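Participant: Give the three-dimensional model of this entry:
(one chain, ligands or ions: 1)
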Amino acid sequence: MNPDARLLRNPLVALAPTDEGYLAYDTTGDRIHRLNAAAALIVELSDGTRTADALIADIAPMVAGEEARAGCARWIAGAIEDNLLKTLAPGASGPAAPAGEYFSSLALRLRSRGHVLAAFVCQHHAAAQLADDAEHWATLGDLAHIIGRREDARDAYEEYLTLAPGDAEVEHILVSLRGEAPPPRAPDDCIVQLYARFAEFYERNMRQDLEYRGPELLTEALQRVLRPTGALDVLELGCGTGLAAGLLRTFARRLVGIDLSPDMAERATATGLYDTVEIAEITEWLMRSRARDFDLIAACDTLIYFGDLRQVLMPAVKRLRDGGTLAFTVERGEGEPFTLTDSGRYVHGEPHIADAAGDAGLRVLSIDRTVLRYEYGEAVEGLVVVSRRT
Ligand SMILES: C[S@@+](CC[C@H](N)C(=O)[O-])C[C@H]1O[C@@H](n2cnc3c(N)ncnc32)[C@H](O)[C@@H]1O
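Facilitator: The predicted structure is shown next:
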C-alpha cells in the first residue's frame, strides 16, 4: 500500500451498529463482516482524510502496545483486500456514495431471497440516510423483529411512530418490545388494521407459505367426541376468511361466523358456507344475547389475540346448550399463564387453560400438543382444546 494513500470506507458497504461494533454488508461482494469495536472505529475514521499510519496514531490511546498497533495495520490491509476500505492516491477523490434508496431497494431484494440479516444491515443504512421517511423506519423495525434484534426493532418502530403516529399494529407490537403490561386482548383497531392488510393474501400465506393446519387439527379433535351428522347449531369465533367453514359445516345444520375484520368477514360470506357472518367483536357479540342457542362453539387461531381466556370462555359457555362443546386452538407457551409475545399474539400455558375452562364451567376433554403452522421457518407450537359444558 502506498504510505501516502488515504483510507476511505467503501461507500457501497452498508453498516449497522451492534453491541460489539458493526455489522458491515459489502453490497458488491454480497458478504457480511462482523467488526469489533476497534475495527468499527477504524471504519468510522476512514473518511478519506487520513493515511493508515495517521489513523493508527489517532486511535493509539485505545490500542495499547506495539503488537496491538501491528494488529490494526494487519486488519486495515485485510479490510482493503475485503473491499471494506478503499485507498485514495494523494489528490484523488473517492467514489460517490449511493443514495439511501439504493440500500433500501437492495434490502427489499435481499429479504425476498431470504437474506434477512443482510437486508437488515442495508435497511439500517437506508433509514439513517432517509431519516425523515417513516416507511423506512417501519421496514427496519420489521426486519429487526424478524431477526430477533428487539432493541433495534423497538427503536425503529418508535422512530416510525414519531414520524407517523397512529399505527395501531405497531403500537401493539411495541407493548411487548417495551416490556409494558399487556392489554387484556389485542386492541380492536389493531385487529382491523392487521387483517385489512392481510385479508387479500391470508389464505395463500397461511396455507402455502406457513403450512397452517388449525381447522384440520381442530376438526380431528372434535371428531373424537362428536359425530359429523350435520345436526348441530355451530358458532365460529373469529371465522376469518372461512378456512374452517367446510369442516365445521359437516357438524352443522346452522353455521354462524363472527369476525371483527370486515375484510375477512367479506371473504367468509363469499364462501357461501355460513348461514350468517357477522362483523362484531367476539366478547361483545357473545354477551348480546342470553339465549343458549349453540351446540358447538369453535375458534381456530383466534384466541391467540386474547390474554386471559376467561374473558371469552365465560360468555361463550353462556351461549352453549347443556352438554354443548367448546373447542379452540391457541399457541402454546410455558411458565406464565399467558404472555403477549413480540408477534403481538398471546401464548397460553396448559394450566391456564385448565383453570380458565374450570372457572367457566367447562370440563376439558382433551388438550393436544401440536404444530399449528410455521413462522420464519420455525414451528409454531399449539394446543388443540376440546371441552364440554358441565
Ligand atoms: C388468525 S385469523 C384465524 C381465522 C380463521 N379462524 C382461520 O383459522 O383461518 C384470526 C381471526 O380472528 C379475528 N379476531 C381477532 N380478534 C377478534 C375479536 N376480538 N373479535 C372478533 N374477531 C377477532 C381476526 O379478525 C381474524 O380474522
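
Participant: in stretch 158-177, what's buried?
Facilitator: Neighbour counts over stretch 158-177 (16 or more other Cβ atoms under 10 Å) mark 158-161, 167-177 as buried. Bear in mind the C-beta positions are built from the backbone N, C-alpha and C, glycine included.

Participant: Among the residues you listed, pick out the one closest to residue 61, please.
Facilitator: residue 159 (33.2 Å; Cβ to Cβ).

Participant: overlap between the buried residues of stretch 158-177 and the residues near the ligand?
Facilitator: Near the ligand, judged by Cβ under 6 Å from any ligand atom, there are no entries from the buried residues of stretch 158-177.

Participant: Go through the residues you listed and name the one nearest the ligand.
Facilitator: Of all the buried residues of stretch 158-177, the ligand sits closest to residue 172, with 11.6 Å by Cβ to the nearest ligand atom.

Participant: what's that closest one in contact with, if anything?
Facilitator: By Cβ atoms under 8 Å, 6 or more residues apart in numbering, residue 172 lies in contact with 183, 186, 187, 190, 344.

Participant: middle-most residue in this structure, spatially?
Facilitator: The residue lying closest to the centre of the chain (Cα atoms, centre = their mean) is residue 343, at 4.3 Å.

Participant: a strand runs through it, doesn't it?
Facilitator: No - looking at residue 343 with DSSP: H, G, I helix; E, B strand; the rest coil, it is coil, so not inside a strand.

Participant: For residue 46, which residues are in contact?
Facilitator: 7, 8, 9, 55, 85.

Participant: These in strands, which ones?
Facilitator: 7, 8, 9, 85 (DSSP state E).

Participant: quick one: which of those residues is nearest residue 298?
Facilitator: Of all those, residue 9 has the smallest distance to residue 298: 57.9 Å, by Cβ to Cβ.

Participant: Within the helices and strands, which one has the residue in the chain positioned nearest to the ligand?
Facilitator: The nearest approach of the chain to the ligand comes at residue 240, 2.4 Å away (Cβ to the nearest ligand atom). Remark: residue 240 resides in no helix or strand, with elements defined by DSSP states H and E.

Participant: how far away is it from residue 186?
Facilitator: Per Cβ to Cβ, to the nearest Å, residue 240 is found 14 Å from residue 186.

Participant: More neighbours: which of these two?
Facilitator: Per other Cβ atoms under 10 Å, whichever of residue 240 and residue 186 has more neighbours is residue 240, with 27 against 23.

Participant: Extract the CA atoms of stretch 16-23 and return them as CSV.
Facilitator: The C-alpha trace of stretch 16-23 is given here as CSV (Å, rounded to 0.1, in the frame of the first residue of the first chain):
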residue,chain,number,x,y,z
ALA,A,16,-25.4,-1.3,11.2
PRO,A,17,-24.1,-0.9,14.8
THR,A,18,-24.1,-3.8,17.2
ASP,A,19,-23.2,-4.0,20.9
GLU,A,20,-19.7,-5.2,19.8
GLY,A,21,-19.1,-2.8,16.9
TYR,A,22,-20.7,-3.0,13.4
LEU,A,23,-22.3,-5.4,11.0
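
Participant: Rounded mean pLDDT for that stretch, please.
Facilitator: Across stretch 16-23, pLDDT averages out at 92.

Participant: how about it: buried residues?
Facilitator: Residues of stretch 16-23 classed as buried by neighbour count (16+ other Cβ under 10 Å): 16, 18, 21, 22, 23.

Participant: circling back to that earlier point, give me the local confidence score for the residue of the chain closest to the ligand.
Facilitator: Residue 240 is assigned a pLDDT of 98 by the prediction.

Participant: again with residue 41
Facilitator: 91.

Participant: Could you look up the SS state of it?
Facilitator: helix.

Participant: For it, list the residues it contacts.
Facilitator: Contacts of residue 41 (Cβ under 8 Å, 6+ apart): 59, 62.

Participant: which residues touch residue 324?
Facilitator: 292, 294, 295, 296, 297, 388, 389.

Participant: try residue 75
Facilitator: 38, 39, 42 are the contacts of residue 75 under Cβ under 8 Å, 6+ apart.

Participant: Spell out which parts of the stretch 51-200 of the chain neighbour the ligand.
Facilitator: 185, 191, 195.

Participant: go again using 5 Å as the cut-off
Facilitator: Residues of the stretch 51-200 of the chain lying close to the ligand (Cβ under 5 Å from any ligand atom) are 191, 195.

Participant: Tell me where the stretch 51-200 of the chain has helices.
Facilitator: Assignment of helices within the stretch 51-200 of the chain using DSSP state H, counting those that start in this stretch yields the ranges 52-58, 66-81, 100-112, 116-129, 134-146, 150-163, 168-177, 188-198.

Participant: Before I go, just wanted to say thanks for your time.
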